[in-house]
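Q: predicted structure and sequence below. I'll ask about it afterward.
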Amino acid sequence: ISTEEGLVRLGDFGNRTTSIRTLVMTDGGGVLTARMFFNNGPKKAWKIKTKMGYSITATPEHYFRVIDKEGNYVWKQLKDISNDDFLALQRDFLFNNKDPQLKFPNELRKIGRPPNEITYPESLNPSLAEFVGYLFGDGYIKKINGVEETIQLAIDERDSDVLEKLKEKIQHLFSINPKIKRIKGKRCVLLIINSRKLIEFLNCNGLNKSGLSREIEVPEIILRGSRKSIAGFLRGIFEADGYVGERVIELYSSSEKLAKQIHLLLLGLGIVASLKKKGKGYRLTIHKNLNGKLFVERVGFIGRRKNKAAEKFLKPKHLKDFIPNQNRRLLRWYKSLKNKNYKLYKKIARFVINTKYSEAISGYIFKKYSSIFPELNDCYLKDLIALNQFYDKIECLEEVEAETADLFVPNKHTYVANGFVTHNSPTLMNAG
């Protein structure tokens, strides 16, 4: 759930029904105060996944915003959503909240600092988040005699600027001078930090990369971070493990949980990506359209090489922010005009004809034509586009048993859960 304190799991509000006062994100980027949390206990539910890989678990009676077959923006119970309906997912749903304070182990709570003692930031910040992102992508903790002793970051030998930037970052954050080790016969360089105290600090805040790679997940303190810190974490992990191709930017992870969380964080920054199973892991793909452009502008990479390769994504040929099922509705709107404008009709014809050649209109095209034809400023589509949403179909559904919970949000009775625009009826599952 997107709240003023970052992304939180619905179940984290408690194990019983209680009154709360928490700002939550609603559709269209609106903010309202949730007043009640409901714990509804275990129920039969449906776990759904969309074609782009977004998922949520809810009871069949729970309401979601959809664009239906006729192009209307309506509420529908999950059990009534058909193959012709598109679920609404909210872009840019992350709050611009403050970064959370960090914890310190007791032995690190010192007044003053002896010479050669390391330092620690008091709160999360974009620089620390970027370091942690790189650690989760291409770093590991080396144990000696069963004790975590050393942090090692692997850096491509082509990226000397990444090496220097990470080295400077570590010096600035922790007052540590990391060692550089070149591996003979391998095309990478190791940046080595020998510090038990730093590892203990990272462990204390859940920022350490520990356990099996397929089990790691985004640290909770990152999920509760500011937009800039979340972008920093993503920049670090995409620099470490990301790939920039001619038409796609990709990230592969063996951890399903991590991949799903990154998928959601990208959407929270306005970036739609696809998430697919690939071999023994999961692949996130950002295409060369509006989403690739937003990724480069809002996240990007640490080093010159990947940033240079990603420059082509700043000028996509197609933005593809489509509004589905609008052909017939847009035609009805045009026919309702008292003064028909044939030039306008010629421009929008391909979006209103109901044949195999018809196209879905995009927000970009609508805004472009609105500057030419004033009539479009009174069109219903203007309000739909202002919501800044993405629309996706259900790909698969699985019946499950799960703990259920919900919020009560007065006035609009709406909030964003796992990116989906949901109604505050007391049947939503514990998102996440």
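A: Nice, thanks for sending it over.

Q: residue 407 and residue 39 touch, don't they?
A: No: with contacts counted by Cβ atoms under 8 Å, residue 407 stays clear of residue 39, the gap being 11.0 Å. Quick note: C-beta positions are derived from backbone N, CA and C, even for glycine.

Q: next structured bit after the strand ranked longest in the chain?
A: Longest strand in the chain, counting residues (DSSP state E): strand 31-50. Per DSSP states H and E, the first helix or strand lying C-terminal to strand 31-50 is strand 55-58.

Q: so what does the following helix or strand past that next one touch, helix or strand wise?
A: Using DSSP H and E, the helix or strand that directly follows strand 55-58 along the chain is strand 63-67. Of the remaining helices and strands, those touching strand 63-67 by 3 or more Cβ pairs under 8 Å, 6 or more residues apart in numbering; DSSP states H and E are strand 73-77, strand 86-90, strand 420-423.

Q: residue 51 - nearest residue in space that isn't next to it in sequence?
A: Distances taken as Cβ to Cβ, 6 or more residues apart in numbering place residue 395 nearest to residue 51, at 4.6 Å, with adjacent residues excluded.

Q: shouldn't that neighbour be within a strand?
A: Yes: assessed by DSSP: H, G, I helix; E, B strand; the rest coil, residue 395 belongs to a strand.

Q: count of neighbours near it?
A: 13 (other Cβ atoms under 10 Å).

Q: quick check: the gap between it and residue 282.
A: Here the criterion is Cβ to Cβ, to the nearest Å. By it, residue 395 lies 15 Å from residue 282.

Q: now residue 14
A: 31 Å.

Q: more neighbours: which of these two?
A: The residue with more neighbours, out of residue 14 and residue 282 and counting by other Cβ under 10 Å, is residue 282; that gives 23 against 11.

Q: how about the nearest residue to residue 67 once chain neighbours are set aside, what does it touch?
A: Excluding the flanking residues, the one nearest residue 67 by Cβ to Cβ, 6+ apart is residue 86, at 4.7 Å. By Cβ atoms under 8 Å, 6 or more residues apart in numbering, the contact list for residue 86 reads 66-67, 324-325, 391-393.

Q: most neighbours among the residues you listed, which one is it?
A: If you count neighbours using other Cβ under 10 Å, the busiest of the contacts of residue 86 is residue 66, which has 26 neighbours.

Q: so which of residue 407 and residue 39 has more stuff around it?
A: residue 407 (23 against 18).

Q: checking residue 120 next. Helix, strand or coil?
A: Following three-state DSSP, residue 120 is assigned to coil.

Q: residue 103 versus that one, what's the distance?
A: Residue 120 sits 10 Å away from residue 103 when distances are taken as Cβ to Cβ.

Q: have a look at the two and say which one is more surrounded.
A: Comparing residue 120 with residue 103 by other Cβ under 10 Å, the one with more neighbours is residue 120, at 19 against 13.

Q: what sits against that one?
A: Neighbours of residue 120 in contact, by Cβ under 8 Å, 6+ apart: 102, 104, 108, 173-174, 201.

Q: please redo it, this time with the cut-off set to 10 Å
A: Applying Cβ atoms under 10 Å, 6 or more residues apart in numbering, we find residue 120 in contact with 102-105, 108, 128, 173-175, 197-198, 201-202, 204-205.

Q: just name the closest of the residues you listed to residue 266, please.
A: Among the contacts of residue 120, residue 128 lies closest to residue 266 (Cβ to Cβ), at 20.1 Å.

Q: got the contact list for that closest one?
A: Neighbouring residues of residue 128 by Cβ under 10 Å, 6+ apart: 99, 102, 120-121, 169, 172-174, 202, 205, 207, 221-222, 225, 229, 232-233, 236.

Q: strands of the stretch 151-300 of the chain, start to end?
A: 179-182, 188-194, 242-244, 248-253, 274-278, 281-287 (DSSP state E, counting those that start in this stretch).

Q: which among the ones you listed is found nearest to residue 136?
A: Among those, the nearest to residue 136 by Cβ to Cβ is strand 248-253 (9.2 Å).

Q: strand partners (parallel or antiparallel) of that closest one?
A: strand 242-244 (antiparallel), strand 281-287 (antiparallel) (DSSP bridges).

Q: pLDDT on that strand, on average?
A: Across strand 248-253, the average pLDDT comes to 97.

Q: any buried residues in it, and which?
A: Neighbour counts over strand 248-253 (16 or more other Cβ atoms under 10 Å) mark 248-251, 253 as buried.

Q: that older thread, in JSON lines: the helices and strands packed on strand 63-67, plus distance to residue 351.
A: Below are the helices and strands packed on strand 63-67 laid out as JSON lines (distance: least, Cβ to Cβ, whole Å):
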{"stretch": "strand 73-77", "distance to residue 351": "17"}
{"stretch": "strand 86-90", "distance to residue 351": "16"}
{"stretch": "strand 420-423", "distance to residue 351": "24"}
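
Q: residue contacts, the closest residue to residue 23 other than its chain neighbours?
A: Nearest non-adjacent residue to residue 23, counting by Cβ to Cβ, 6+ apart: residue 4, 3.9 Å away. Applying Cβ under 10 Å, 6+ apart to residue 4 gives the contacts 22-25, 31, 33, 95-98.

Q: quick check on these: which are buried?
A: Neighbour counting with 16+ other Cβ under 10 Å marks 22, 24-25, 95, 97 as buried within those.

Q: inside strands: which ones of the residues you listed?
A: 22, 24-25.

Q: okay if I get these as a markdown table plus pLDDT and distance to residue 143?
A: Putting these into a markdown table (pLDDT from 0 to 100; distance: Cβ to Cβ, whole Å) gives the following:
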| residue | pLDDT | distance to residue 143 |
| --- | --- | --- |
| 22 | 93 | 40 |
| 24 | 95 | 42 |
| 25 | 95 | 41 |
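
Q: contacts only, for the residue nearest the centre of the chain.
A: Note on the chain: the residue nearest the mean C-alpha position is residue 265, at 1.9 Å, using Cα atoms, centre = their mean. Residue 265 is in contact with 7, 94, 218, 222-223, 225, 227, 230-231, 233-234, 271, 299, counting by Cβ under 10 Å, 6+ apart.
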